[in-house]
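Student: Following is a predicted model, sequence given first.
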Amino acid sequence: EAGVTQFPSHSVIEKGQTVTLRCDPISGHDNLYWYRRVMGKEIKFLLHFVKESKQDESGMPNNRFLAERTGGTYSTLKVQPAELEDSGVYFCASSQDPYTSGRGRTYRNEQFFGPGTRLTVL
Amino acid sequence: EDQVTQSPEALRLQEGESSSLNCSYTVSGLRGLFWYRQDPGKGPEFLFTLYSAGEEKEKERLKATLTKKESFLHITAPKPEDSATYLCAVRASGGSYIPTFGRGTSLIVHP
């Protein structure tokens, strides 16, 4: 089974330009997440899709960031226009829906991460 | 606000020298504590999920434990291939799927 894939692996752009990152989740995973790690800091949540709908976009830094997931399959994250502080590694992750075991415990399924896209804004 | 603090930031061990990594957390109702391994240039790789105090999970040379305030990742007789950054994350109650990550512990195991 293929894992989460991301494209490109690296992107170097100048301030003011536009960049689009792509994420292909694991087949059958309705939940898709975007995260970002700025150098020296922890991984931070950006947004969460359930199928094609945005479930939670509370982590999106500002309106220069636009995420889409048309058809509930792959997702894109566009940064327009890019600023210096947007540099970092952008991770995508996917997971199945949570389920409840026979004992009544609800498991919120683990997230599987892609390799990330390293974005450098000069 | 949920917080996760990992220590130490970096750890160097000799092959075979057992040790533990710490993850201290503050969360309003724990709904899961996660350990991930991350190799350079790759995304985090899921290792364990712990749900309640007293729970333990093992995988090869790794053993994760959980209390009400912290989790430990014990590494027994590590090998050079265990070198990686180990990330801890917590998920709080309230129905959110969103984990809060720590900054990680960078582990280097020398042969």
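Tutor: That came through, no problem.
Student: use CA for all of it now, contacts and neighbours both
Tutor: OK.
Student: B:Ser24: neighbouring residues, count only.
Tutor: When counting by other C-alpha atoms under 10 Å in any protein chain shown, one arrives at 20 neighbours for B:Ser24.
Student: Centre of the chain to stretch A:37-57, how far?
Tutor: 6 Å (C-alpha atoms, centre = their mean, to the nearest Å).
Student: Run the contact check for that stretch versus chain B.
Tutor: Yes - against chain B, stretch A:37-57 shows contacts by C-alpha under 8 Å from any C-alpha of the partner chain at A:40-45.
Student: How about stretch A:11-30?
Tutor: No - among the residues of stretch A:11-30, none lie within reach of chain B under C-alpha under 8 Å from any C-alpha; the closest is 12.7 Å away.
Student: What subset of the residues of stretch A:37-57 next to chain B is buried?
Tutor: A:42-45 (16 or more other C-alpha atoms under 10 Å in any protein chain shown).
Student: Pairing-wise in the sheet, spell out the partners of A:Leu77.
Tutor: Note on A:Leu77: beta-bridge partners by DSSP bridges are A:Leu21, A:Ala67.
Student: Let's see the pLDDT reported for it.
Tutor: With respect to pLDDT, A:Leu77 scores 98.
Student: who touches it in this structure?
Tutor: Contacts were defined as C-alpha atoms under 8 Å, 6 or more residues apart in numbering or on different chains; by that measure A:Leu77 touches A:20-22, A:65-68.
Student: Please apply the same query to B:Leu11.
Tutor: So, once contact is read as C-alpha under 8 Å, 6+ apart, B:Leu11 ends up touching B:105-108.
Student: Considering those residues, which possesses the most neighbours?
Tutor: Taking other C-alpha under 10 Å to define a neighbour, the member of these with the most is B:Thr105, carrying 23 neighbours.
Student: Sketch out the low-pLDDT regions of chain A for me.
Tutor: Applying pLDDT under 70 to chain A flags residues A:1, A:98-109.
Student: So which residues of it form strands?
Tutor: Defined through DSSP state E, the strands belonging to chain A, from first to last, are A:5-7, A:10-13, A:19-24, A:31-37, A:43-50, A:53-56, A:65-68, A:75-79, A:88-95, A:99-100, A:106-107, A:112-113, A:117-121.
Student: Please identify the deepest-packed of those strands.
Tutor: Counting by mean count of other C-alpha atoms under 10 Å in any protein chain shown, strand A:88-95 has the highest mean neighbour count of the strands of chain A, with a mean of 26.
Student: just the angle between that one and strand A:31-37, please?
Tutor: Between the axes of strand A:88-95 and strand A:31-37, defined by axes from the mean of the first three to the mean of the last three C-alpha atoms, to 10 degrees, the angle is 160 degrees.
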